[in-house]
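Novice: Sharing a model that was predicted from the sequence below.
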Amino acid sequence: RWHFEQYGSVVSVEVMRDRHTGDPRGFAFVVFADHATVDLVMDEDSHEINHKIVDVKRAQARGVAPPSIHGRDASHGAD
């Protein structure tokens, strides 16, 4: 959270977890108070969090994002 608060007010951070084990899945969603903050974050070449370079992407609504690299339609995932 702290890393992204450098760019603007953060409303929430949701770390995605495996529904069966509770282990982190390796990505999160960050919601900013101001949409312009997303542009500031995206303008940076790289982001380092806890000594790791992370890949930052703009969230897209379901059905809009490109297909998964795993060959499955994200809207029809396993329960």
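Specialist: In hand now; what should we look at? Just so we're clear, the structure is a prediction, and the values are computed from it rather than from any experiment.
Novice: hey, let's count contacts and neighbours off CA atoms from now on
Specialist: OK.
Novice: Verify the stated contact: Val13 with Phe4.
Specialist: No. At 9.7 Å, Val13 does not count as touching Phe4 under the criterion of C-alpha atoms under 8 Å.
Novice: Compare the two (neighbour count), which wins?
Specialist: Phe4 (19 against 13; other C-alpha atoms under 10 Å).
Novice: got a list of what the more buried one touches?
Specialist: By C-alpha atoms under 8 Å, 6 or more residues apart in numbering, the contact list for Phe4 reads 10, 41.
Novice: Against Asp18, how distant is it?
Specialist: Phe4 is 24 Å from Asp18, where distance means C-alpha to C-alpha, to the nearest Å.
Novice: where does Ala28 land in three-state SS?
Specialist: Here Ala28 is strand, with the state taken from DSSP: H, G, I helix; E, B strand; the rest coil.
Novice: Which residues does it form beta bridges with?
Specialist: Beta-bridge pairing for Ala28 (DSSP bridges): Val15.
Novice: count of neighbours near it?
Specialist: 13.
Novice: And for Val38?
Specialist: 19.
Novice: Sketch out the strands for the chain, chain order is fine.
Specialist: 10-17, 24-32, 47-49, 52-54 (DSSP state E).
Novice: and the first one, what does it pack onto?
Specialist: By that I understand strand 10-17. Applying 3 or more C-alpha pairs under 8 Å, 6 or more residues apart in numbering; DSSP states H and E, one finds that strand 10-17 contacts strand 24-32.
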